[in-house]
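Q: Provide a 3D model corresponding to the input given below.
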Amino acid sequence: MKPLNLKISFLSLSCFMIASTYCFSQEGNITINQDKHITVLLDLKKEMNKNEADSERYKIQVYSGNRSGAYEAQKEFSSSFGDWNPSMQYETPNFKIWAGNFRTRLESDRALIKIKKKFPNAFIFKPKKGKN
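A: Residues are numbered from 1 along each chain as shown. Purely as a prediction, here's the structure:
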């Protein structure tokens, strides 16, 4: 290397070292202000969600068959019955549409009477543990 290139390289390296000692990363503190009742509500919601998948609850099966039929049945059910949210489940080899989450058999029987007018093959069941 020529002495001029060596001097320029050394000068560049020196400037870089000096400049890097004066650079600082950004620092800051974040303070989150939230109502103390939010944590209580979140805990309550978690507890409620645990009970939603309880195997002691009743559901109504509206459809069992292929995927495209399941999508159609789910869409039709949603438009006809806004009170009960339908969910699609897959149990080999069929796709199933389940609706409701009823606490009592009486409650599910009342819903089934309405649902059977549109879905005559619907029936009530209790899901096995681990399914919802």
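Q: pLDDT weak spots in this protein?
A: Scanning the chain for pLDDT under 70 picks out the ranges 1-3, 21-26, 48-55, 129-132.
Q: quick one: the helices in it?
A: Secondary structure of the chain (DSSP state H): helices located at 3-22, 37-52, 67-80, 105-116.
Q: out of the ones you listed, nearest to K128?
A: With Cβ to Cβ as the criterion, K128 lies closest to helix 37-52 of these, at 15.5 Å. For the C-beta atoms, the positions are set from N, CA and C on the backbone; glycine is no exception.
Q: follow-up on the earlier one: got a markdown table for the helices of the chain, with mean neighbour count too?
A: Output for the helices of the chain, formatted as a markdown table (neighbours: other Cβ atoms under 10 Å):
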| stretch | mean neighbour count |
| --- | --- |
| helix 3-22 | 9 |
| helix 37-52 | 10 |
| helix 67-80 | 15 |
| helix 105-116 | 15 |
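Q: quick one: which of these is nearest A122?
A: Proximity to A122, assessed across the helices of the chain by Cβ to Cβ, is greatest for helix 105-116 (4.9 Å).
Q: who are the packing partners of the closest one?
A: Helix 105-116 sits against strand 58-65, strand 94-102, strand 123-125, with contacts defined as 3 or more Cβ pairs under 8 Å, 6 or more residues apart in numbering; DSSP states H and E.
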